[in-house]
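Novice: Pasting the sequence and the predicted coordinates here, then a few questions.
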Amino acid sequence: MAIQKSYVDRFGSTHAEAYSKIKAVTVENAQTHILLEVYHNAAARSKSDATAQKPFIDQVWGLAEGSDFTTYFADSVLVGSDKSPLKQGYAWVKTQDNILDMDFTTGTTDV
């Protein structure tokens, strides 16, 4: 599970098929911390061969709290359904319009 979207890094290089992957989700005290890593593309992430994996080009911690926490990560949302903190993390990321200067509300592809 990941999100593909064009990304311009801090040096001005465009990664047309950037691969954004959630590395960690931590739920605690009505807050959720989400670590998002961005790779040049899916091949750079290379899930099938760890020796071929390239370093991520950027990473950031996101924070879901308040109504975002209640909507995506509250026990009442997660219990008794097919939702997990990881799936909900991706759903939340796709509602954000300024993570690493990327607008995840449009132009994303689930990969």
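Specialist: Ah, there it is. Numbering: from 1, shown residues only.
Novice: tell me the average confidence for the longest strand seen in the chain?
Specialist: Taking DSSP state E as the criterion, the chain has its longest strand at strand 14-28. Mean pLDDT, strand 14-28: 97.
Novice: ok, and the closest non-adjacent residue to Gln31?
Specialist: Of all residues not flanking Gln31 in the chain, Glu65 sits nearest, at 4.6 Å (Cβ to Cβ, 6 or more residues apart in numbering). Heads up, the C-betas are built off the backbone N, CA and C, glycines and all.
Novice: Surely the one you found and Ala30 touch.
Specialist: Yes. The pair Glu65 and Ala30 qualifies as a contact (Cβ atoms under 8 Å) at a distance of 6.6 Å.
Novice: Common neighbours of the two, please.
Specialist: By Cβ atoms under 8 Å, 6 or more residues apart in numbering, Glu65 and Ala30 have no common neighbours.
Novice: Quick one: neighbours of the residue nearest to Asp97 when sequence neighbours are not counted, just the number.
Specialist: Spatial nearest neighbour of Asp97, excluding adjacent residues (Cβ to Cβ, 6+ apart): Asp103 at 4.5 Å. Per other Cβ atoms under 10 Å, the neighbour tally for Asp103 reads 12.
Novice: same thing with Asp9?
Specialist: Counted with other Cβ under 10 Å, Asp9 comes out at 15.
Novice: That one and Met1, how far apart?
Specialist: 23 Å (Cβ to Cβ, to the nearest Å).
Novice: Let me know the outermost residue of the protein.
Specialist: Distance from the C-alpha centroid of the chain peaks at Gly80, with 23.7 Å (Cα atoms, centre = their mean).
Novice: That one should be in a helix, yeah?
Specialist: No. Per DSSP: H, G, I helix; E, B strand; the rest coil, Gly80 lies outside any helix segment and is coil.
Novice: tell me which strands and helices the longest strand of the chain is in contact with?
Specialist: Packing partners of strand 14-28 (3 or more Cβ pairs under 8 Å, 6 or more residues apart in numbering; DSSP states H and E): strand 3-8, strand 31-39, helix 42-45, helix 85-93.
Novice: If anything else comes up later, I'll come back, but that's it for now.
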